[in-house]
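**Q** No letters, just coordinates:
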């Protein structure tokens, strides 16, 4: 059994929209002043972030699960299956936000859009993967790591 799923969301478009303001201001300023250069750099950073957070792809890589944002794959993470101790479907809180976040006591969150997630527990950490395919991802992970009570974990929300 293998798994691959890509979720598309409007986060990239929102970041691109934010880039428009500094780009317009830099263009209006005309001659390359230090402020115009800084605004141009800020706009460029937001364009790169927009290209990085247009989608979230979760893929089985044999011995690990790969989590990658894209289409420009600057941000991602892998989780080795042998380190997983528990898997269940959950809901991310508003504090978890979108993108990549670490909150002490709650762990890492990789989320593109929405609040549905699969929560993965490892020996010393916790990871939430936001997805619009939570049931299938949870079932796949439970089968991959032989989690007890998999049917309960993948059909009941926390």
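**A** Nice, I can see it. Keep in mind the model is a prediction, meaning the values are calculated, not measured.
**Q** show me where the protein has strands.
**A** 4-8, 55-60, 64-70, 76-80, 84-91, 99-103, 107-111, 116-122, 126-130 (DSSP state E).
**Q** Identify whichever of the ones you listed lies nearest to residue 30.
**A** Shortest distance between residue 30 and those, using Cβ to Cβ, is found for strand 99-103: 34.0 Å. Every C-beta, even on glycine, is put in place using the N, C-alpha and C of the backbone.
**Q** which helices and strands does that closest one pack with?
**A** strand 107-111 (3 or more Cβ pairs under 8 Å, 6 or more residues apart in numbering; DSSP states H and E).
**Q** what's the burial count for residue 106?
**A** When neighbours are counted by other Cβ atoms under 10 Å, residue 106 registers 15.
**Q** I figured it hits residue 126, correct?
**A** Yes. In this structure, residue 106 is within contact of residue 126 by Cβ atoms under 8 Å, at 7.0 Å.
**Q** re earlier: in CSV: the strands of the chain, plus mean pLDDT.
**A** Conversion of these to CSV gives the following (pLDDT from 0 to 100):
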stretch, mean pLDDT
strand 4-8, 94
strand 55-60, 96
strand 64-70, 95
strand 76-80, 95
strand 84-91, 92
strand 99-103, 90
strand 107-111, 93
strand 116-122, 93
strand 126-130, 94
